[in-house]
Each structure stands twice: as C-alpha cells, then as structure tokens.
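Participant: After the sequence you'll find the predicted model.
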Amino acid sequence: MNIAKISSINFTGKIIDSHTHIGSHDGRTYRKEDLDIFIKSELPNKDTVEKMIVSDLDVLHGTKQEFEGNKAALEIFKNNKNYVILASCNPKEGNAKNIKKLYKKYPNDFKGLKFHPDIQQLELSDQRYEPYMEFASKNKLPCLFHSQVNILEDGHVNQKLRHISDPENIYTLAKKYPKTPVIMAHLGAGWKDAHDKTTEILIESIKKGDANLYADVSWVDIDDAQTHIVKAIKRLKGIGDEGWKYGDQSFRLMFGTDAPLARFQDNDALKAYTDFIEKIKDSIKKDPDLMSEADKIIDDLFYNNAKNLYLTNKKKHSANHKMLLGILVTILATGIGFGIYKHKKNHAGAISKNIKNIEKLPDLS
C-alpha cells in the first residue's frame, strides 16, 4: 500500500474487505454485481479494493443446502481473483459432512467457514457446532462468526439478556479449539459499550492464551467508528497497560464492511464506503499514540491482517515443508546407505587382500 506522508489529508492504497455477502436478507437479494461496484471502481479517495471475502447468505438462512449453495457461490466467482470465498455453514439444518465434501471436491477454493448463530437461532453451546469446528481445527481454517451484544437504549450492555451471538459465547466455543482462528464479526455490533466489551474479550483471550480470537470492524458504529477502532488498536498494542507483555497484537483486527448490505446498497454506496474508510484512517493519523506509525497501522488494518489470516496457506506451507523434509531425509538416507555400502565394500576388499597376503606367508611350523 502506497501511503501518503503523515501530514497529508488522505492515505491511499490497497484494501481487503474481510466481510461481504451475496444472497438474500431482509427482503433484498444481493448479487456479485453489487460487489463489483466496489471492486471495479477507484474510490473517491483513490483507494482500490483488491479483494473481498464473501459468504453466501442463502446457505446461512437455510434456503440453499450447504453443499449445493456454497458450490453455486463458488461458480459465481469462478476464476475471479478479486473474490475470496468462505463456506457458509448451517449447523441447525445442515451437516458438517457437507462442508467436508465441499473441501474434498474444492480443496483450494474456500478459505474459511462462516457462521451466523443469530440467523439460525442456534446457541453456541449446541453440540451441532462441534463437527464443523473440529474440521476447521484439523484443517487450520479461520472461522468467522456474526457477533452481537444486546445493548440498552443508553448504550450500556444489557446484563440481564445476553444475545445468542454474544462475544462471550463465541469465546467459550473458541476455547475448545484454542489454535483455530475465530473472528468476531462487527466487533460486537450494537454500539458504544458493545465494541468495548468485545475488545476486552479479545484482550482477555490474549492474556490467558486460551483462544485464538480476532475481530473485524464491519458495522462498527459509523457515527463514532474512529473512537472504537482506535481504542481497540491501542488496547491490542498494550498502550496504556503497564503490565502488558504480549507484544503488538493489533494483527487481530481487520477492516470489513458487510457490503453490500444496509448503507452500502444504495446510489451513494461508494460515498458511504469511502467515508467509513476515511474516518478510520484520519482518526489513526491524528491519534497522539498512533500517528508515528500510522502508515503501518493503516496498511495492516486494511490489508495485511486479512491477507495473513485468510490468504497465507499455512496448511500448504506445512505440507511443502514436510515434503521437503522427506526429500532431505531420503537424500540423507541414500547418502548414508551408499557410504555404508562403500565402507563395507572397501572393508571386505581389505579383508580379502589380507587373506591373500596371509596365504603367501612362508610356513613356519
């Protein structure tokens, strides 16, 4: 990402939107063309959206079956490198076998799993999530969960009624699979205290080391987005926490929008998209604690963090590493074997020569 100097008004560069959709929701149907608006357009601030990470709403709603619905979504974006597909999961009506079948048939085409407990009204304590999570854990797949905190009218957390998709519930599930990346979408959605609560759950998981949690900023309160996002970045860096000993953990936060839903679906979608980006960038640039490394923070939030999580194929790297190790072991074993053979051959030759020499000795008896 080429970013302007700190003193300039705008930062510009490449973006990965880590949370977008196709499919039907709330009476509207969203298609690839609705996302192409962002992919194919240079944004008013000269940013370019290089990739969008997409999941299918119809599978989440159960109007399409897991295997066929995800397969159809894959076909829509076939051979288009601008889009990265997550396999939508419906533990309530589907079966993890469908997802396993999907990955077996298309081993390199899906980069993670998507869950929406709220749509399916399925508590995260339900055992039907476990086969999906076990598969994700085994295959090192990130799992994106809709997250949402019940908020009262004054913006405070409703302590009496916890939402199905509450980050606490997601955290509880993630603890069972501590190495599996689990992303809490929307940084808790809601507004005001919802984002703070989700951030503190992220911090707790880091300090305890009992889960591998991440978050995206889609649906972060648009009117005060910069406050919540900057606060989250600073907490993840340990700024203001004298006992912090966990290094820079801000790689756990990613840009996302939920496009083309809500404010990103009308004629002024591009403007709304750009305004959201600019508010975030400008707040990072102006914050006294962040301005000295603003270019790197922006680059990471809008691009690198999502790239490293979703697009760095650790499994393939591991397989290649194992293959290389196997080749080296084979070469080494062959070399050792040849050395042993040569040593034995030379040793046998020496013995044979010595025997012949002994036979030539005079008889002293």
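Facilitator: That came through, no problem. Residues are numbered from 1 along each chain as shown.
Participant: Might one say that Phe110 is in contact with Asn70?
Facilitator: Yes. If you go by C-beta atoms under 8 Å, Phe110 and Asn70 touch, sitting 7.2 Å apart. Every C-beta, even on glycine, is put in place using the N, C-alpha and C of the backbone.
Participant: Overlap of the contact sets of these two?
Facilitator: Ile85, Ala87, Leu102 (C-beta atoms under 8 Å, 6 or more residues apart in numbering).
Participant: counting contacts, what elements does the longest strand along the chain pack onto?
Facilitator: Identified as the longest strand of the chain according to DSSP state E is strand 14-25. Judged by 3 or more C-beta pairs under 8 Å, 6 or more residues apart in numbering; DSSP states H and E, strand 14-25 is in contact with strand 28-30, helix 32-39, strand 48-56, helix 57-61, helix 66-76.
Participant: make it 7 Å
Facilitator: Secondary-structure packing of strand 14-25 (3 or more C-beta pairs under 7 Å, 6 or more residues apart in numbering; DSSP states H and E): strand 28-30, strand 48-56, helix 57-61.
Participant: between the second one and strand 14-25, how many degrees?
Facilitator: I take that to be strand 48-56. 30 degrees (axes from the mean of the first three to the mean of the last three C-alpha atoms, to 10 degrees).
Participant: so what does strand 48-56 touch, helix or strand wise?
Facilitator: strand 14-25, helix 32-39, helix 66-76, strand 83-88.
Participant: Check these for me and report the most buried one.
Facilitator: Comparing the helices and strands packed on strand 48-56 by mean neighbour count (mean count of other C-beta atoms under 10 Å), strand 83-88 ranks first with a mean of 25.
Participant: List the strands paired with that one, with their directions.
Facilitator: When sheet partners are counted by DSSP bridges, strand 83-88 sits next to strand 48-56 (parallel), strand 110-115 (parallel).
Participant: got TSV for the ones you listed, with distance to Tyr303 too?
Facilitator: Listed next are these as TSV, based on distance: least, C-beta to C-beta, whole Å:
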stretch	distance to Tyr303
strand 48-56	8
strand 110-115	16
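Participant: how many neighbours does His156 have?
Facilitator: His156 has 12 neighbours, counted by other C-beta atoms under 10 Å.
Participant: Please report the distance of the closest residue in space to it that isn't next to it in sequence from Thr199.
Facilitator: In this structure, His156 finds its nearest non-sequential neighbour in Asp193, 5.3 Å apart by C-beta to C-beta, 6 or more residues apart in numbering. Between Asp193 and Thr199 the distance is 10 Å, computed by C-beta to C-beta, to the nearest Å.
Participant: Adding distance to Ser125 and mean pLDDT as columns, could you present the helices and strands packed on strand 48-56 in TSV?
Facilitator: Shown next, in TSV, are the helices and strands packed on strand 48-56 (distance: least, C-beta to C-beta, whole Å; pLDDT from 0 to 100):
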stretch	distance to Ser125	mean pLDDT
strand 14-25	24	96
helix 32-39	34	94
helix 66-76	21	98
strand 83-88	21	98
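Participant: Dump these to JSON lines, plus distance to His146.
Facilitator: Shown next, in JSON lines, are those (distance: least, C-beta to C-beta, whole Å):
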{"stretch": "strand 14-25", "distance to His146": "10"}
{"stretch": "helix 32-39", "distance to His146": "19"}
{"stretch": "helix 66-76", "distance to His146": "17"}
{"stretch": "strand 83-88", "distance to His146": "11"}
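Participant: Quick one: closest of the ones you listed to Asp241.
Facilitator: strand 14-25 (26.0 Å; C-beta to C-beta).
Participant: More neighbours: Asp193 and Thr199, which one.
Facilitator: Thr199 (24 against 18).
Participant: From Lys231, how far off is that one?
Facilitator: Counting by C-beta to C-beta, the separation of Thr199 from Lys231 is 7 Å.
Participant: and if you look at Gly188?
Facilitator: On the measure of C-beta to C-beta, Gly188 and Lys231 end up 12 Å apart.
Participant: about what we covered before: I'd like to know which of the helices and strands packed on strand 14-25 lies nearest to Ile203.
Facilitator: strand 48-56 (24.6 Å).
Participant: Need the residues that contact that closest one.
Facilitator: Strand 48-56 is contacted from outside by 14-23, 35, 38-39, 42, 69-70, 73, 77, 82-86, 88, 114, 306, 310, using C-beta atoms under 7 Å, 6 or more residues apart in numbering.
Participant: go on, stretch 166-178?
Facilitator: 124, 129, 133, 137, 145, 147-149, 162, 182, 184, 188, 197-198, 201, 205, 210-213.
Participant: mind redoing it with 6 Å?
Facilitator: 124, 133, 137, 145, 147, 149, 182, 184, 188, 198, 201, 210-211, 213 (C-beta atoms under 6 Å, 6 or more residues apart in numbering).
Participant: What segments of the stretch 51-200 of the chain are strands?
Facilitator: 83-88, 110-115, 143-146, 181-185 (DSSP state E, counting those that start in this stretch).
Participant: Let's have those in TSV, adding distance to Ala269.
Facilitator: Shown next, in TSV, are those (distance: least, C-beta to C-beta, whole Å):
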stretch	distance to Ala269
strand 83-88	17
strand 110-115	22
strand 143-146	21
strand 181-185	20
